[in-house]
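Colleague: what follows is a predicted structure for the sequence shown.
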Protein chains: 2
Amino acid sequence: MADPKVSTYVEANATRFLDELKALTAIPSVSALSEHRADVHRAAEFLVSQLRTQVGLPKAELIETNGHPLVYGESTQEAGKPTVLIYGHYDVQPVDPVELWDTPPFEPTVKGDNLYVRGAVDDKGPMFATIKALETLMQHGGLPVNIKVLIEGEEEMGGEAIAEYVMKHPDRLQADCALVLDTGMVAQGIPTMSYGLRGIVYFEIVANGAGRDLHSGVYGGIAPNPIQALAWLLADLKGRDGHINVPGLYEMMQPLSEDERDQLTQLSTEVGQRLMDAGGLQELPGEANYSIAERATARPTFEVHGIRGGFTAEGAKTVIPATATAKVSLRLVPDQKPAEVMRLVEQQIQKLTAPGITFEVQGIHNGDAIVLSPDSPAFKAAAAALEDEFGKPVTLLREGGSIPIVALFDSVLKLPVVMMGFSLPDDNVHAPNEKFYIPNYYAAIRSVAGFLQRIDQ
Amino acid sequence: MADPKVSTYVEANATRFLDELKALTAIPSVSALSEHRADVHRAAEFLVSQLRTQVGLPKAELIETNGHPLVYGESTQEAGKPTVLIYGHYDVQPVDPVELWDTPPFEPTVKGDNLYVRGAVDDKGPMFATIKALETLMQHGGLPVNIKVLIEGEEEMGGEAIAEYVMKHPDRLQADCALVLDTGMVAQGIPTMSYGLRGIVYFEIVANGAGRDLHSGVYGGIAPNPIQALAWLLADLKGRDGHINVPGLYEMMQPLSEDERDQLTQLSTEVGQRLMDAGGLQELPGEANYSIAERATARPTFEVHGIRGGFTAEGAKTVIPATATAKVSLRLVPDQKPAEVMRLVEQQIQKLTAPGITFEVQGIHNGDAIVLSPDSPAFKAAAAALEDEFGKPVTLLREGGSIPIVALFDSVLKLPVVMMGFSLPDDNVHAPNEKFYIPNYYAAIRSVAGFLQRIDQ
């Protein structure tokens, strides 16, 4: 049962908890853009200070890396009690296209029940809820278990620093389970836990033609055109039928069990409708013969995220550009190893070149796919805490997204990972007008506290 | 025979002629960019002043239009003499990518025999040579014929204003022939006249998917991706074999005569080698079964000039963008009417849409293709003047580029048009480091004077 002391403390401190989250989200910690390096650092310092003074972990520290800093704190004096490794990230996505935001992206703005700001729900809100849960428990007799808190600042750019840290310091991070708050709910009021995450390879393709821009009046019809070559390549890599034409890619994947496939098919109409509503879409096209829910969470994907080349200002310029670039990712399902997928993709890209064109492929980041077992004691404790909070049984979901570090917790630290979801389908993750449904902030604080109280039972 | 008085005057004034061209080219009259509107106007005023004070046409005027101004001047007092309509343009291409320029694009810089500056050869240098030719003749007994000078400031953005002016004032522009200096030489020292120009349709395609950017972790594999849809479209519109897949397009074109085709085939190896050298290319890919020279000048082309969509800054953003845009042109050959081609292209684009995607097509500008007869007295006078200047017979060439106004001179004013070429294959037309080979500037002045002296004979 829920601890009334927790609820009372959360309610009594609700305004301060929200003000602190506003202060954190007002820091533009965009990890992918080097001009925000100091901001990213500032967000990390804010969290160290929170862990030290609000939670009461005097040795909490900022760990410098080759990239952005990690934040680490621990409380391990409870001999004989289990240890929970709590993960989150304090970096955020870029804000482009900034003109589509209704309020400035780094000015936290409350409208109705929602807090609008970049990073509101991905992942500052849920991540900060874990810190507020620790504070709450500290105020009522101390933490019921041992905890280690590890918060990174590079999740949105690939998470290299934390991956390196996990590989180098498995002993320091030893625990009994890991808790991650960076996933979604199927809908408001439906407690949701994700048991699967897709992996990812993200890369850039540069198409090079002539050494310089050429005039199409002279070179039209005879010079290699890198934009055209990129179009041929992207069209060949993913057909109009949604099939990804990379030999070996589908052969690598672990097939879904009949049960899982049936479950996904049953969810599909409802999930599809919600995604269409949230995304403002009339239809959800893709591979034939696979349900929407399966395509969204359990099939590999190929998506172009950006493309650029030649003259794109107003008016007309009859140029054949020297170069064109595309950013692409594949989401991966279990057994599709990123390094191996990258090798197959690159091989296929080189095979699909055009006369006079060279393709360069530059990897940007990778992450493994993962499927977790719902049978661990940690998973059951989290489910119980969520059911208690929302008054409904937990829905289990595969997540379409990727959290590379979860795969490392699983494979390197051998930890059962628990993912409690608090973002809603219409929270505009990675898009303009990102928001957090404020009642879910407090629900997350109470649920994390409830989970930590139950994990020892 | 060349008039020694002309040569002497050009030589005596060589430095001033070059300084004046530098002053003109230092004005950044980029017609396509609205922030240069005042500069474009300034370039027009410079030319009006030149016509008034240097040539001695006191009534020369700047004609305001809905777009950029026209420059007009005339000398028509020689009753019984033929009238030559002299055309040129004073606007220039944008300078992007500006980082590839070795010297600032609007700082005229002499290196060796070349003048480097945007607009040096397209078209300020050759256009201004016609003005200096008029000045030269005025200093030696006056103009031998009547002239009308019409210079536009929108050639690089489609030439709407001059087209409207020609349609509205055919009487004012009545003449016996037109002279255009805006084409190329096959190589330095080889006098070249173009007898054909390709037409053009230039348009923008906007692909729209969801009403907002989506996160590929959630929407990968199910949402329409406008960049991918644009890749499918561009790949389908022009195949890897170079064939343009627009039904009806090839059926419209006037077939080449066997003679012309043979001539082009004979030129092909030499032209191809020069174009490869000038463009820094190892090969000139395109439609099979057509020679390089035929593809470069006498076949329709389909080229993508620019493409843009989604996240293109450093790093990674896993976005499925709401929209993506491409700028495209087709060069056209005789009998392919731009409006009809545009209709066929748009029809085909709508046929090639993808689920969840809508394509908008926005026409930017059009121009008719043209083939001129080399048998007119004007054409012969120009050929004689060029042969006299260079000491070699004139090479006749179809031009791959488009000068829409030439088609209007032909169809509306019914004028034989003469195109004397002075740009070299390595002059970087429309590219960084545009230049004019300075000896060709003086050759152009002398050749135009020689042409005007011969046209009456």
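Modeller: Now that the structure is in, tell me what you want to look at.
Colleague: A:F451 and A:A178 touch, don't they?
Modeller: No - in this structure, A:F451 is not within contact of A:A178 by CB atoms under 8 Å, at 11.9 Å. (Each C-beta comes from the backbone N, C-alpha and C, glycine too.)
Colleague: overlap in contacts, the two.
Modeller: Residues touching both A:F451 and A:A178 (CB atoms under 8 Å, 6 or more residues apart in numbering or on different chains) are A:V418.
Colleague: so what's the residue of the stretch 201-350 of chain A at minimum distance from chain B up against?
Modeller: For the stretch 201-350 of chain A, the residue closest to chain B is A:G217, as judged by CB to the nearest CB, at 2.5 Å. Neighbouring residues of A:G217 by CB under 8 Å, 6+ apart: A:T318, B:R198, B:R331, B:E399, B:G400, B:G401, B:S402, B:V429, B:H430.
Colleague: is the lengthiest helix in chain A up against chain B anywhere?
Modeller: Assignment by DSSP state H gives helix A:258-279 as the longest helix of chain A. Yes - using CB under 8 Å from any CB of the partner chain, we find that helix A:258-279 touches chain B at A:G272, A:L275, A:G279.
Colleague: same check on stretch A:231-242?
Modeller: Yes - applying CB under 8 Å from any CB, one finds that stretch A:231-242 is in contact with chain B at A:A231, A:W232, A:L233, A:L234, A:A235, A:D236, A:K238, A:R240, A:G242.
Colleague: now for the residue located most distally from the centre of chain A: which residues touch it?
Modeller: In chain A, counting by CA atoms, centre = their mean, A:V218 sits farthest out from the average C-alpha position, at 47.4 Å. Contacts of A:V218 were listed using CB under 8 Å, 6+ apart, and they are B:G184, B:L275, B:A296, B:G400, B:G401, B:P425, B:V429.
Colleague: check which helix or strand the residue lying closest to the fifth one once chain neighbours are set aside maps to.
Modeller: Yep, that's B:G401 we're talking about. Of all residues not flanking B:G401 in the chain, A:G217 sits nearest, at 2.5 Å (CB to CB, 6 or more residues apart in numbering or on different chains). Here A:G217 is covered by helix A:216-219, with elements defined by DSSP states H and E.
Colleague: now that helix - C-alpha only, PDB.
Modeller: Listed next in PDB are the C-alpha coordinates belonging to helix A:216-219 (Å, rounded to 0.1, in the frame of the first residue of the first chain):
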ATOM      1  CA  SER A 216      23.500  23.200 -64.900                       C
ATOM      2  CA  GLY A 217      23.400  25.100 -68.200                       C
ATOM      3  CA  VAL A 218      26.800  23.700 -69.000                       C
ATOM      4  CA  TYR A 219      26.900  20.500 -67.000                       C
END
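Colleague: show me where chain A has its helices.
Modeller: A:4-12, A:14-25, A:37-49, A:125-138, A:160-168, A:216-219, A:226-237, A:258-279, A:292-297, A:338-351, A:377-390, A:404-411, A:438-454.
Colleague: turn the ones you listed into TSV, columns for mean pLDDT.
Modeller: Supplementary listing: these in TSV, determined by pLDDT from 0 to 100:
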stretch	mean pLDDT
helix A:4-12	96
helix A:14-25	98
helix A:37-49	98
helix A:125-138	98
helix A:160-168	93
helix A:216-219	88
helix A:226-237	98
helix A:258-279	86
helix A:292-297	91
helix A:338-351	98
helix A:377-390	96
helix A:404-411	86
helix A:438-454	97
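Colleague: of all these, which lies closest to B:I455?
Modeller: B:I455 lies closest, by CB to CB, to one member of the helices of chain A: helix A:216-219, at 27.7 Å.
Colleague: just to revisit the earlier point, out of the residues of stretch A:231-242 next to chain B, grab the one that's most surrounded.
Modeller: Counting neighbours by other CB atoms under 10 Å in any protein chain shown, A:A231 leads the residues of stretch A:231-242 next to chain B with 29 neighbours.
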